[in-house]
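S.K.: Fold the following for me, if possible:
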Amino acid sequence: MKKQEIDEFETLQGQLQAFHEEMSSLARKNPNDALNKFKLGLVNSVLKKTNSFLGSTRLPFADFESFDESIIPSTSDVLVILSQYLSAFEKLRAENVYWDYDENGWCWKGGGKYGLAHQKKYRNR
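M.R.: All right, here's what the predicted structure looks like:
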């Protein structure tokens, strides 16, 4: 992966993870509560960027792009989808990192010095 792709990956993964944590908290309280339109719009925005980043071959569901805003999903529905996207990101990450014995840490393939600079981030995973 190139530096720009690594940056985009880390940004999108962070956004997905933050939404996942928020939805987990909401779903524990009331799993069938509908998500409000503001939050749904934010989730859909990240999902659309994520779809573009992953490309059609890496999408968790070939027929899912985003939530229909006219049919507001529950927090647990959103949580299920976010979990699948995070799994797709973990698979992509696993395919694009390697253990560097000289540096004693994980590095991005093709990341050059940038990959080595980020190796501490993935230590002990």
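S.K.: Mind jotting down where the helices sit in this structure?
M.R.: Ranges of helices in the chain, per DSSP state H, are 3-29, 37-54, 75-95, 112-117.
S.K.: Relative to residue 103, which of those helices is closest?
M.R.: The closest of the helices of the chain to residue 103 is helix 112-117. By C-beta to C-beta, the value is 6.1 Å. C-beta coordinates here come from the backbone N, C-alpha and C atoms, glycine included.
S.K.: pLDDT averaged over the closest one, what's the number?
M.R.: What helix 112-117 shows for mean pLDDT is 52.
S.K.: where does the protein dip in pLDDT?
M.R.: Applying pLDDT under 70 to the predicted model, the residue ranges of the chain that meet it are 111-125.
S.K.: change it to 90
M.R.: Within the chain, the ranges that satisfy pLDDT under 90 run 1-3, 99-125.
S.K.: what residue of it is the furthest out?
M.R.: With distances taken as C-alpha atoms, centre = their mean, the residue sitting farthest from the centre of the chain turns out to be residue 102, at 29.3 Å.
S.K.: What distance do you get for that one to residue 39?
M.R.: In this view, residue 102 and residue 39 are 45 Å apart by C-beta to C-beta, to the nearest Å.
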